[in-house]
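*Asks:* Build the 3D model from these lines:
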Amino acid sequence: MANQMMCGGWSGTKDATEETQETCDAVKDQVENIFNQKYVVYKAVKYRLALAAGPYLTIKVFAGEEDYIHLSVFQQLPCNGGKVELVNVVQGNTKDDPLCTF
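*Replies:* Have a look, this model is predicted:
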């Protein structure tokens, strides 16, 4: 029971998966447009997950050197189109900053 998630509750911080990276890649253009820069390095490293009307993720992305970006992303359920939406993004984090929901 400890590994089950309740709808609306956040998971602990986990290592990013291939699926996490795919979610990041789906919003990369939006992130680049917001910060007016192109990211050569853009690698998901950690994430937290909540379930609502689809997965809601907070993701820590390594963006090169010592720069980490935190993304807040929502993915619609397939029956609602399955679109991945960038909800919020924060730049200027470090490797050791906690991955908080925002």
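
*Asks:* going forward, measure contacts between C-alpha atoms and count neighbours the same way
*Replies:* Noted.

*Asks:* For the helix or strand encompassing Lys46, name the packing helices and strands.
*Replies:* Lys46 belongs to strand 43-51 when assigned by DSSP states H and E. Contact analysis of strand 43-51 by 3 or more Cα pairs under 8 Å, 6 or more residues apart in numbering; DSSP states H and E lists strand 14-15, helix 18-35, strand 55-62 as its packing neighbours.

*Asks:* Touching the second one from outside, list them.
*Replies:* Contacts with helix 18-35, where a contact means Cα atoms under 8 Å, 6 or more residues apart in numbering, come from 38-39, 43-44, 47, 59, 61, 84-86, 89.

*Asks:* If any of those residues are buried, give me the ChimeraX selection for them.
*Replies:* Here is the ChimeraX command that picks out the buried ones among those, judged by 16 or more other Cα atoms under 10 Å:
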select :43,44,47,59,61,84,85,86,89
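
*Asks:* export the contacts of helix 18-35 to TSV and tack on distance to Asp25 and pLDDT?
*Replies:* Formatted as TSV, the contacts of helix 18-35 follow (distance: Cα to Cα, whole Å; pLDDT from 0 to 100):
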residue	distance to Asp25	pLDDT
Lys38	13	95
Tyr39	11	94
Lys43	9	98
Ala44	9	98
Tyr47	14	97
Ile59	12	98
Val61	10	98
Val84	10	95
Glu85	12	95
Leu86	11	97
Val89	14	97
